[in-house]
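Q: okay, structure incoming, though there's no sequence with it:
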C-alpha cells in the first residue's frame, strides 16, 4: 500500500509500505476515506518535534481520520465490514493510575495515532486500529464529519473543562480549526456572547458568518480595547487556541477578576510566561488542555442532531498524492485556509 511519510524537515514522500495486518483479536483493518491536516501534524512537518516527541524519519503522521471497515478480528462484535467510522486516535493502556482515575488522555503508556514513538499515523491507504477506537458514523454524517469529530471533541472538552459557558461572555484567541471547534461547542453550550480574534482575515470572515459578536485581527486592531469597549467588566472565560505568548497576555488583560484562561493551543516554544500582578491580584485561573477524553462520541451526536454545524470548517481539499501541497498550505497559513482535508 501507499503511505505519505515525513522524511525530513518540510520533506514528505509517498512510499510503498507493507499492508497493515490484524494482530490482536479485537483489531479491525480500515480503508481510509479522509484525513484532516492538524496543527500538530504541521509542528512535526516544520519543526520535527513537539516538546520531547521527536520524529525519527521516515514517519507517517495524521490522526484526524475516517474510513471504512474492511476486515475484523475474531473478537470484534460491534463492527462489520462496510461500516463507515470515525477514528479515535488515542489508544490508552487502560490499567495505569491515570486510566483508572478516568484520565485516559494522560495515560502513562498511551499510544496515539501519528505520534512519534507511539504509532504510525493515518496518512496511509489502510490502517489497523482496536475496535474500541472506531466510532460508527450515523447515516446523515459523511467522512468530513468523521475526521472533524477529533478536533471538535477537543473543543467540546475545552468547554467542559472550563466548567461550562452557558450565559457567559467569552473570548476565543486564535480562530483556526481548534478555535472554531471551541466556538461551535461554546455556542451549543449556551454562551451569551463570543468574541473572536485571528491574524487571518478569511478566518475572521468565517467567524462573522457564524454570528460571533466581533472578529478582530491583532495585527492591526487593539483587540483588548475593542473587546473591553463591549465588555467593560471583562470576560468570564478566554480560550487561548493559537499557542502564542501575545495571545496569552491578551487573555489576561481581557478577563474580569476570578476569570478563567483555558489554554488549548500548542506553542512551538518551551515556556509560557504570566504577569504576576495581573494574574494574582485578580485571582485568575489557568487550565491547560491535553487533547480530550470521552468527548468524541458526544461530538458525533451533536453533529448528527444538528446542534453543531461544521459546514464552514473545511476550506480546502487535496487528493492523497498531493498531501505535501496541503501541508505547505497550512504551514504557510495561505489562501485563508481553515481546515485542509486529504481525500483518498
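A: Nice, thanks for sending it over. None of the values given here were measured: they were computed from a predicted structure.
Q: the spatially most central residue of the chain: what secondary structure?
A: When Cα atoms, centre = their mean is applied to the chain, the residue found nearest the centroid is residue 151 (3.0 Å). Recorded secondary structure, residue 151: helix (DSSP: H, G, I helix; E, B strand; the rest coil).
Q: show me what contacts it?
A: Applying Cβ atoms under 8 Å, 6 or more residues apart in numbering, we find residue 151 in contact with 36, 38, 64, 177, 178, 181, 339. The way it works is simple: take the backbone N, C-alpha and C, and place the C-beta from them, glycine included.
Q: mind listing the helices for the stretch 51-200 of the chain?
A: Shown for the stretch 51-200 of the chain, the helices assigned by DSSP state H, counting those that start in this stretch span residues 97-100, 143-161, 177-189.
Q: enumerate the positions of the shortest one that are buried.
A: This means helix 97-100. Residues of helix 97-100 classed as buried by neighbour count (16 or more other Cβ atoms under 10 Å): 98, 99.
Q: start the count at 16, not 1, going forward
A: Renumbered: residue one is now 16, and that last one reads helix 112-115.
Q: quick one: average pLDDT of it?
A: Computed over helix 112-115, the mean pLDDT rounds to 97.
Q: surely residue 186 meets residue 267?
A: No. Taking contacts as Cβ atoms under 8 Å, residue 186 lies outside contact range of residue 267: 11.2 Å.
Q: comparing the two, which residue is more hemmed in?
A: residue 186 (30 against 20; other Cβ atoms under 10 Å).
Q: mind giving me the domain split of this protein?
A: Here the domain assignment for the chain is 17-151+328-358, 169-303, based on automatic domain parsing.
Q: chain center to the longest one, what's the gap?
A: Domain 17-151+328-358 sits 12 Å away from the centroid of its parent chain (Cα atoms, centre = their mean, to the nearest Å).
Q: now render the contacts of residue 166 as a markdown table, adding neighbour count and distance to residue 238.
A: Shown next, in a markdown table, are these (neighbours: other Cβ atoms under 10 Å; distance: Cβ to Cβ, whole Å):
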| residue | neighbour count | distance to residue 238 |
| --- | --- | --- |
| 51 | 28 | 28 |
| 53 | 26 | 25 |
| 79 | 29 | 29 |
| 192 | 30 | 20 |
| 193 | 26 | 18 |
| 196 | 31 | 20 |
| 354 | 24 | 23 |
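Q: Throw the residues you listed into TSV and include distance to residue 146, thanks.
A: Below are the contacts of residue 166 laid out as TSV (distance: Cβ to Cβ, whole Å):
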residue	distance to residue 146
51	22
53	24
79	20
192	27
193	28
196	26
354	27
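Q: pLDDT value on residue 66, please?
A: Each residue has a pLDDT score; the one for residue 66 is 89.
Q: any chance of the contacts of residue 166 in CSV, plus pLDDT and distance to residue 131?
A: Compiled in CSV, the contacts of residue 166 are given as follows (pLDDT from 0 to 100; distance: Cβ to Cβ, whole Å):
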residue, pLDDT, distance to residue 131
51, 98, 19
53, 96, 14
79, 98, 17
192, 97, 21
193, 97, 21
196, 98, 24
354, 98, 23
